[in-house]
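*Asks:* 3D, please:
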Amino acid sequence: MPRASLLLGVVAVTALNTQHSLRTPKRAAEHLKNEARHQSDLEDSATRWGAPIALAGANGARWPAVAAPRTVLTAPRVMPRAVAKRIKSEADARFATQTSASRFSMTEDLRDCHADELPRTKAWLRAFVASQRFTGAMQVPEASNVTHLAIYDALIVKYAPDLARDRAASGQPVHRDFSTLTLNFALSDAGDFDGGGTRFEGVGDVTLTPTSAGDAVAHAGRTRHAGAATTRGERYVLVCFLASIEPDHTRLSLARAMDLRRAGKYANAVRAATSALPTADPVDAAELHKVAGLSLWGLADACVQRQRPHVAEALADAAAAHLGTAAALAPYDVAALHSAASLALARASSGDDFRAAAGLCRAALAAARTDVERSYPAHDLALAEGEAVRLSVAVAR
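*Replies:* Model (predicted):
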């Protein structure tokens with residue numbers, strides 16, 4: 001298909017269909033891609049971690065609820081403290097050979113490495129999962145009906161202020177995991193650092209900071225959470241992501257859409273994201289609308305560079321519709337609110353346009369909970385307000 005026709009097809013899907021969803025045959029084709037991705041993930045997991053674990057019941061450690069009922073769970077001393085210290089040392093040896101900081105996480109203000117790069121860590125984690133001592137954590141809502149789980153990834157993450165760009169704090173922004181269940185093992189004692197912990201959004205804004213190395217937290221992967229800023233010392237965690245062997249099309253569509261967008265394959269990313277919208281709940285729909293909107297924005301920019309202003313305008317309209325829907329569905333999501341504000345600012349040409357963009361920036365600032373989350377909306381707010389004033393002065397003259 002010629003590229004112009006492809007772009008116009010994307011516009012037709014997104015701008016004319018009020019539900020922003022693909023028709024059934026195209027959705028079925030996207031589901032087949034999801035299933036292929038899922039099968040590949042399971043095969044990779046089996047190669048690295050062994051066969052999926054059949055859940056026989058909640059034997060082993062108790063995992064009491066510490067936030068909204070059955071949403072975030074914790075248990076002390078799940079990992080022997082000596083094992084935690086050994087994993088930390090093995091990770092440090094790996095970090096010493098790395099020339100870059102974060103390779104897999106959400107920010108460059110930390111260090112991380114795959115657990116399967118560390119032989120002793122990998123052996124312990126495989127044995128821990130096979131022992132089913134984590135199954136008490138399967139009571140979190142999204143994981144309660146799962147029968148088999150496979151490790152699809154595991155990371156050791158190091159938070160330290162001297163890794164951060166501003167040298168003041170090291171953390172992660174609010175995000176969700178692509179797991180069914182996430183296990184977070186502390187590898188540091190609370191006295192080793194200040195700040196830190198995992199902040200959970202939407203469950204009372206609880207921040208959990210384990211007291212001792214070996215303590216653990218479990219949560220459904222879709223629970224929005226952040227790495228609270230570590231302001232002194234060093235905080236290490238082992239994070240294990242477990243996924244159900246049954247394909248979750250919403251999760252897979254979102255994962256594929258995000259990967260495609262990062263690769264610059266914007267039209268394919270829009271298809272992947274919109275394919276899951278008909279069956280997505282509001283929280284998932286907000287994420288899908290956000291990645292679809294950002295992908296359409298990427299297409300619009302490409303059309304501007306190719307001097308196709310009319311197609312670019314239609315794509316930007318569709319992007320704004322998706323980002324606006326994401327912001328409406330998730331008024332707590334700073335990234336969604338700021339994305340809508342950024343696009344409005346980029347398209348603004350009048351004083352009213354800039355004042356509207358400023359209003360969206362203020363909404364993002366109101367939702368922000370950390371300095372990292374506030375920085376970009378604050379910058380754009382200053383730009384929008386400055387342009388609004390400049391245009392008002394120009395009109396008065």
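*Asks:* which positions within whatever helix or strand Ala318 lives in qualify as buried?
*Replies:* Using DSSP states H and E, Ala318 sits within helix 309-329. Across helix 309-329, burial judged by 16 or more other Cβ atoms under 10 Å covers 311-312, 314-316, 318-327, 329. All C-beta atoms are positioned from the backbone trio N, CA, C, and that covers glycine.
*Asks:* quick one: residues contacting Asp177.
*Replies:* Asp177 is in contact with Gly221, Arg222, Phe241, counting by Cβ atoms under 8 Å, 6 or more residues apart in numbering.
*Asks:* tell me which of the residues you listed is nearest to Thr274?
*Replies:* Nearest to Thr274 among those is Arg222, at 19.3 Å by Cβ to Cβ.
*Asks:* quick one: that closest one and Asp281 touch, right?
*Replies:* No - look at Arg222 against Asp281 with Cβ atoms under 8 Å: they stay out of range, at 9.3 Å.
*Asks:* those two: which has the busier surroundings?
*Replies:* Arg222 (24 against 10; other Cβ atoms under 10 Å).
*Asks:* look up how far Thr47 lies from the more buried one.
*Replies:* 26 Å (Cβ to Cβ, to the nearest Å).
*Asks:* then Asp192?
*Replies:* Asp192 is 35 Å from Thr47, by Cβ to Cβ.
*Asks:* swap in Ser275?
*Replies:* 28 Å.
*Asks:* comparing these two, which residue is more hemmed in?
*Replies:* Taking other Cβ under 10 Å, Ser275 and Thr47 do not tie; Ser275 has more neighbours (28 against 9).
*Asks:* excluding chain neighbours, what is closest to that one?
*Replies:* Among residues not flanking Ser275 along the chain, Glu30 sits closest, at 3.6 Å (Cβ to Cβ, 6 or more residues apart in numbering).
*Asks:* list the buried ones in the helix or strand hosting that neighbour?
*Replies:* Following DSSP H and E, one finds Glu30 within helix 24-49. Neighbour counts using 16+ other Cβ under 10 Å place Arg27, Glu30, His31, Lys33, Asn34, Arg37, His38, Asp41, Leu42, Ser45, Arg48, Trp49 of helix 24-49 among the buried residues.
*Asks:* ok, the fourth one touching Arg256?
*Replies:* Meaning Lys33. Yes - the pair Lys33 and Arg256 qualifies as a contact (Cβ under 8 Å) at a distance of 6.6 Å.
*Asks:* of the buried residues of helix 309-329, closest to Leu365?
*Replies:* For the buried residues of helix 309-329, the nearest to Leu365 is Ala327 (13.3 Å; Cβ to Cβ).
*Asks:* His249 against His31, yeah?
*Replies:* Yes - using Cβ under 8 Å, His249 is in contact with His31, at 5.8 Å.
*Asks:* between these two, which contacts overlap?
*Replies:* Ser275.
*Asks:* flag the shaky bits of this protein, pLDDT-wise.
*Replies:* The model of the chain has pLDDT under 70 over residues 1-23, 57-61, 99-103, 105-108, 163-168, 202-204, 372, 395-397.
*Asks:* recalculate using a threshold of 50.
*Replies:* The model of the chain has pLDDT under 50 over residues 1-20.
*Asks:* longest strand in it, please.
*Replies:* strand 148-159 (DSSP state E).
*Asks:* which parts of that strand are buried?
*Replies:* Leu149, Ala150, Ile151, Tyr152, Asp153, Ala154, Leu155, Ile156, Val157, Lys158, Tyr159.
*Asks:* what's the angle between it and helix 24-49?
*Replies:* 70 degrees (axes from the mean of the first three to the mean of the last three Cα atoms, to 10 degrees).
*Asks:* can you give me the domain boundaries for the protein?
*Replies:* 3-37+248-396, 53-244 (automatic domain parsing).
*Asks:* where do the helices sit along this structure?
*Replies:* In the chain, helices defined by DSSP state H lie at 3-11, 24-49, 81-95, 119-131, 249-262, 266-275, 282-305, 309-329, 334-347, 351-367, 371-396, listed in chain order.
*Asks:* take those helices and write them to TSV, including distance to Tyr236.
*Replies:* Below are those laid out as TSV (distance: least, Cβ to Cβ, whole Å):
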stretch	distance to Tyr236
helix 3-11	44
helix 24-49	21
helix 81-95	5
helix 119-131	11
helix 249-262	26
helix 266-275	34
helix 282-305	29
helix 309-329	34
helix 334-347	26
helix 351-367	30
helix 371-396	20
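*Asks:* so which of the ones you listed gets nearest Asp215?
*Replies:* helix 81-95 (8.9 Å).
*Asks:* so what's the residue nearest to Ser275 up against?
*Replies:* Leu22, Ser253, Arg271, Ala272, Ser275, Ala276.
*Asks:* hmm, the second one is touching Asn34, no?
*Replies:* Spelled out, it's Ser253. Yes - counting by Cβ under 8 Å, Asn34 is a contact partner of Ser253 at 6.0 Å.
*Asks:* could I get stretch 173-190 in CSV with only the CA atoms?
*Replies:* What follows is stretch 173-190 as a C-alpha-only set of coordinates in CSV (Å, rounded to 0.1, in the frame of the first residue of the first chain):
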residue,chain,number,x,y,z
PRO,A,173,8.1,7.8,37.5
VAL,A,174,4.6,6.3,38.0
HIS,A,175,4.1,3.3,35.6
ARG,A,176,2.6,-0.1,35.3
ASP,A,177,4.3,-3.4,34.6
PHE,A,178,3.5,-5.9,31.8
SER,A,179,3.2,-8.7,34.3
THR,A,180,0.3,-10.5,35.9
LEU,A,181,2.1,-10.4,39.2
THR,A,182,5.2,-8.4,40.3
LEU,A,183,7.4,-9.5,43.2
ASN,A,184,9.8,-6.9,44.6
PHE,A,185,12.5,-8.1,47.0
ALA,A,186,14.5,-5.7,49.1
LEU,A,187,18.3,-6.3,48.9
SER,A,188,19.2,-3.4,51.2
ASP,A,189,18.3,-2.6,54.8
ALA,A,190,16.3,0.5,55.5
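*Asks:* now Asn184. Nearest residue, chain neighbours left out?
*Replies:* Using Cβ to Cβ, 6+ apart, the nearest residue to Asn184 is Val217, at 4.5 Å.
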